[in-house]
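# sequence isn't available, so here's the structure alone:
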């Protein structure tokens, strides 16, 4: 389903008002973060999960430090 929204002034900034149905579908609420990723056709908007981001950062740290160990275990 396609949704439309307008950009509006919020104090000294600009904001996007999202329809209630879209917020429920995305399972986001006030205070949650959204990620905007550039694609070939525009932008992809997704809910950002800070816990997931921390876990991925930890994984990348471990994966880089133990790269050779993981390579040997994969044999």
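Received it, and whenever you're ready, just let me know what you need. Since the structure is predicted, the reported quantities are computational estimates derived from the model, not experimental observations.
# excluding its backbone neighbours, what's nearest residue 3?
residue 22 (4.9 Å; Cβ to Cβ, 6 or more residues apart in numbering). The C-beta positions use only the backbone N, C-alpha and C, and glycine is treated the same way.
# that neighbour: neighbour count?
For residue 22, the tally of surrounding residues (other Cβ atoms under 10 Å) stands at 13.
# does it count as helix, strand or coil?
Applying DSSP: H, G, I helix; E, B strand; the rest coil to residue 22 yields a three-state assignment of helix.
# distance of it from residue 34?
Per Cβ to Cβ, to the nearest Å, residue 22 is found 11 Å from residue 34.
# next structured bit after the longest helix seen in the chain?
Assignment by DSSP state H gives helix 50-65 as the longest helix of the chain. Using DSSP states H and E, the next helix or strand after helix 50-65 towards the C-terminus is helix 67-73.
# got the buried residues for that next one?
Neighbour counts over helix 67-73 (16 or more other Cβ atoms under 10 Å) mark no residue as buried.
# touching that helix from outside, list them.
Residues outside helix 67-73 that contact it (Cβ atoms under 8 Å, 6 or more residues apart in numbering) are residue 63.
# show me how far it is from its chain's centre.
Put simply, helix 67-73 sits 30 Å off its chain's centre (Cα atoms, centre = their mean, to the nearest Å).
# I appreciate the help and will end here.
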